[in-house]
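Engineer: Sequence first, then the predicted structure:
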Amino acid sequence: MSSVPPRPPRSFGSVSVAMATPMKPGGALDIPAAQRLARHLVNSGADSLVLSGTTGESPTTHQPEKDELVTAVVEEVGTEAMIIAGAGSNDTAHATRIAVAAERTGAHGLLVVSPYYNRPSQEGVYRHIRTVVEATSLPAMIYDIPGRTGVAVGEEILDRFAQHPQIRAVKDATGNVAQGFDRMRRTGLEYYSGDDNLNLAWLVHGASGVVSVVGHLTAGRYAQMVRAVDSGDLFTARDLSAQLAPVVEAVMGGGQGAVMVKAALQLQGLIEHRSVRSPLVEATEAEIADLRTAMLTHNLLKDTDR
């Protein structure tokens, strides 16, 4: 007789949406729209939100904007969902200031990416992340995404991070799932899928949850997938993953996630503008037409929506 495995620990929730940052034409942050979007995502099934991550255009948003965003979203949904603030920079002092301000403005946790572009040594990566984390009392999730940063989190420093009381989890966007499964077992760290096309694979191997871009449109379905895996109903989880695959492709396959998800949210009427900050550019009409078709096909858009 088979038994259902125990649920994994979830310090950062199970369905986290890497939230886009709504903007007005010209690029100013639209804080009321951010609050409305946060409310919609939580009502749809997200139990965690990441603010000022890559999808939130963290490279081109600045303080005090980041602080204003955290304050507003915590005010709106902070008693119902975990609010995680991105504290990413290739300047350790800058990342530390972001982290300290995030704690001061009410964030519940940090997402700390390895420093990008300047490609430090592994010891440099370790010291950077540790310094940022230890500047606050918040629990932290490491973001390992070497395709963007140019430097991976190596085995030796990951083992050291696993001993740190504030570092609870890893958001893995390496694409190397076999390595990730081994690391998850070896270190005892909570793992979160950072690639929407791999969410099911991570969950069935014991990951705590997902940090999703596509969750802007499908948070409820991802919550269903998590519940199905938790209960041992892998048939349902597999079917949900198959249903969502075309949506993942439409949002993440051809364009840039932050750009395409803003276009999708505008089509749904959840944000007024799909404005992004340079060097990102708005989705083209051809991209929007393909996205609209995929959303209509998968019941994510009504025929009356534009």
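Structural biologist: Now that the structure is in, tell me what you want to look at.

Engineer: just for the stretch 1-150 of the chain, where's the confidence low?
Structural biologist: 1-5 (pLDDT under 70).

Engineer: Would you map the strands across it?
Structural biologist: 15-18, 48-51, 82-86, 109-113, 140-144 (DSSP state E, counting those that start in this stretch).

Engineer: Give the partner strands of the first one in its sheet and their orientations.
Structural biologist: Read that as strand 15-18. Strand pairing for strand 15-18, determined by DSSP bridges: strand 48-51 (parallel), strand 209-212 (parallel).

Engineer: Mind listing residues that contact the last one?
Structural biologist: Right, strand 209-212. Residues outside strand 209-212 that contact it (Cβ atoms under 8 Å, 6 or more residues apart in numbering) are 10, 12-18, 48, 50, 53, 111, 171, 192-194, 196, 199, 202-203, 218-219, 222, 226. (C-beta placed from N, C-alpha, C; glycine too.)

Engineer: out of those residues, which are inside helices?
Structural biologist: Among the contacts of strand 209-212, the members falling in helices (DSSP state H) are Asn199, Trp202, Leu203, Thr218, Ala219, Tyr222, Val226.

Engineer: Which members of those are classed as buried?
Structural biologist: In the ones in helices among the contacts of strand 209-212, burial by neighbour count holds for Asn199, Trp202, Leu203, Thr218, Ala219, Tyr222, Val226, counting by 16 or more other Cβ atoms under 10 Å.

Engineer: Let me know the closest of the residues you listed to Glu155.
Structural biologist: For these, the minimum distance to Glu155 (Cβ to Cβ) is 18.9 Å, reached by Trp202.

Engineer: ok, the spatially closest residue to that closest one that is not a sequence neighbour - contacts?
Structural biologist: Spatial nearest neighbour of Trp202, excluding adjacent residues (Cβ to Cβ, 6 or more residues apart in numbering): Ser193 at 3.7 Å. Each residue near Ser193 by Cβ under 8 Å, 6+ apart is listed here: Lys171, Asp172, Asn199, Ala201, Trp202, Leu203, Ala207, Gly209, Val210, Val211, Ser212.

Engineer: hmm, try it at 6 Å
Structural biologist: Residues in contact with Ser193 (Cβ atoms under 6 Å, 6 or more residues apart in numbering) are Asn199, Trp202, Ala207, Val210.

Engineer: Find the nearest non-adjacent residue to the third one, please.
Structural biologist: Closest residue to Ala207 apart from its sequence neighbours, by Cβ to Cβ, 6+ apart: Tyr191 at 4.6 Å.

Engineer: my read: that neighbour touches Val170, true?
Structural biologist: Yes: here Tyr191 reaches Val170: they are 5.4 Å apart, a contact under Cβ atoms under 6 Å.

Engineer: As a markdown table, the contacts of Ser193 with distance to His273 would be great.
Structural biologist: Listed next are the contacts of Ser193 as a markdown table, based on distance: Cβ to Cβ, whole Å:
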| residue | distance to His273 |
| --- | --- |
| Asn199 | 29 |
| Trp202 | 33 |
| Ala207 | 34 |
| Val210 | 27 |
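
Engineer: tell me which of these is nearest to Ala72?
Structural biologist: Val210 (24.3 Å).

Engineer: can you tell me which of the contacts of Ser193 lies nearest to Arg292?
Structural biologist: Asn199 (23.6 Å).

Engineer: how much space between that closest one and Arg36?
Structural biologist: 26 Å (Cβ to Cβ, to the nearest Å).

Engineer: residues near the closest residue in space to Glu75 that isn't next to it in sequence, how many?
Structural biologist: Spatial nearest neighbour of Glu75, excluding adjacent residues (Cβ to Cβ, 6+ apart): Gln35 at 7.4 Å. Using other Cβ atoms under 10 Å, the number of residues around Gln35 comes to 17.

Engineer: gap between the two ends of stretch 260-274?
Structural biologist: For stretch 260-274, the first and last residues are 9 Å from each other (Cα to Cα, to the nearest Å).

Engineer: To clarify, my last question referred to stretch 102-110.
Structural biologist: 8 Å.

Engineer: Was I right to think Val214 contacts Glu249?
Structural biologist: No: if you go by Cβ under 6 Å, Val214 and Glu249 don't touch, sitting 9.6 Å apart.

Engineer: neighbour-wise, which of the two wins?
Structural biologist: Legend: neighbour count by other Cβ under 10 Å for Val214 and Glu249, higher for Val214 (26 against 15).
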